[in-house]
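>>> What would the 3D arrangement of this be:
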Amino acid sequence: MAKAKAESPAKKVSDVRAAASMGGSGMDRVVAGGAGAEKKEFNISRDELLASFEMEKNRYDALVRRLNFLQSGQAEIAAAMDALDEIGKSGKGTRIVVPLGAGAMIEADVSNNEQVLFALAGGAVKHETVNGVRDELSKRLETLKKESARLGTEGQKIGKGLENLKNILMMAERGARTARAEAKGKGQANV
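Here you go, the predicted model:
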């Protein structure tokens with residue numbers, strides 16, 4: 001039997017204790033609750049615990065993919081802001097290398113270092129001042145940083161929950177082995 005104690009029903013399991021599994025039933029008794037919170041007991045099968053673990057793992061993996069995407073976006077914006085700084089410092093006629101994508105580049109002469117083309121939603125492009133684009137990119141970068149921080153915090157919570165589920169599963173498995181060993185010692189090998 002696995003016992004879990006949480007600070008509140010909305011929070012992740014914070015303290016895990018295990019006892020012997022209920023012999024052969026495949027069900028574990030879990031107790032959730034804590035100081036100031038109503039304690040709740042429920043039975044849950046090993047398969048249900050494994051399914052919960054797998055579901056949380058999938059959530060965590062999706063969150064990590066999203067964080068990686070956000071970090072790539074932050075790096076792209078930072079690189080664009082650096083390029084804008086360099087364009088702003090350059091004079092007319094300065095030769096620059098412009099990436100076209102997929103590793104292709106072209107050399108070009110700067111004819112206007114005060115305005116650049118800036119993509120809008122839907123693929124539309126407009127002329128915008130270097131400072132205006134830099135300000136917009138700064139806002140986007142800040143938004144990505146805030147979202148990354150939020151997802152990082154959520155990832156930590158999910159990670160703690162995964163660790164707790166893993167501990168419950170391991171303790172329940174140990175309890176089941178102990179119960180089987182005790183049953184085998186009493187001549188009940190099929191338990």
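>>> Centre-most residue in the chain?
Centroid-nearest residue in the chain, with CA atoms, centre = their mean: Leu63, separated by 2.9 Å.
>>> Could you find the closest non-adjacent residue to that one?
Gly155 (5.1 Å; CB to CB, 6 or more residues apart in numbering). Glycine gets a C-beta too; all of them are placed from N, C-alpha and C.
>>> contacting residues around the one you found?
Applying CB atoms under 8 Å, 6 or more residues apart in numbering, we find Gly155 in contact with 60, 63-64, 67.
>>> hey, which helix or strand in this protein has the poorest pLDDT?
strand 13-18 (a mean of 34; mean pLDDT, DSSP states H and E).
>>> Surely Lys92 and Asn112 touch.
Yes. With contacts defined as CB atoms under 8 Å, Lys92 counts as touching Asn112 at a distance of 7.2 Å.
>>> re earlier: farthest pair within the contacts of Gly155?
Tyr60 and Leu67 (10.4 Å; CB to CB).
>>> picking that back up, check what pLDDT the residue nearest to Leu63 gets.
If you check Gly155, the pLDDT there is 95.
>>> what helix or strand is it on?
helix 130-185 (DSSP states H and E).
>>> now that helix: how far from the chain's centre is it?
Computed by CA atoms, centre = their mean, to the nearest Å, the chain-centroid distance of helix 130-185 equals 6 Å.
>>> same deal with stretch 124-135?
On the basis of CA atoms, centre = their mean, stretch 124-135 sits 32 Å off its chain's mean C-alpha point.
>>> what mean pLDDT does that stretch have?
On average, stretch 124-135 scores 93.
>>> Quick one: end-to-end distance for it.
For stretch 124-135, the separation between the terminal residues is 19 Å (CA to CA, to the nearest Å).
>>> how close does Arg150 get to Arg134?
25 Å (CB to CB, to the nearest Å).
>>> which residues sit in contact with the residue nearest to the centre of the chain?
Leu63 neighbours (CB under 8 Å, 6+ apart): 151, 154-155, 158.
>>> circling back: just name the closest of the contacts of Gly155 to Leu120, please.
Using CB to CB, the contacts of Gly155 come closest to Leu120 at Leu67, 26.6 Å.
>>> what helix or strand does that closest one sit in?
In this assignment (DSSP H and E), Leu67 forms part of helix 46-89.
>>> what element comes up after that helix heading to the C-terminus?
In N-to-C order, the element after helix 46-89 by DSSP H and E is strand 95-101.
>>> picking that back up, mind giving me TSV with the contacts of Leu63 and columns for distance to Val125?
As requested, the contacts of Leu63 are exported to TSV (distance: CB to CB, whole Å):
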residue	distance to Val125
Leu151	31
Glu154	35
Gly155	36
Ile158	40
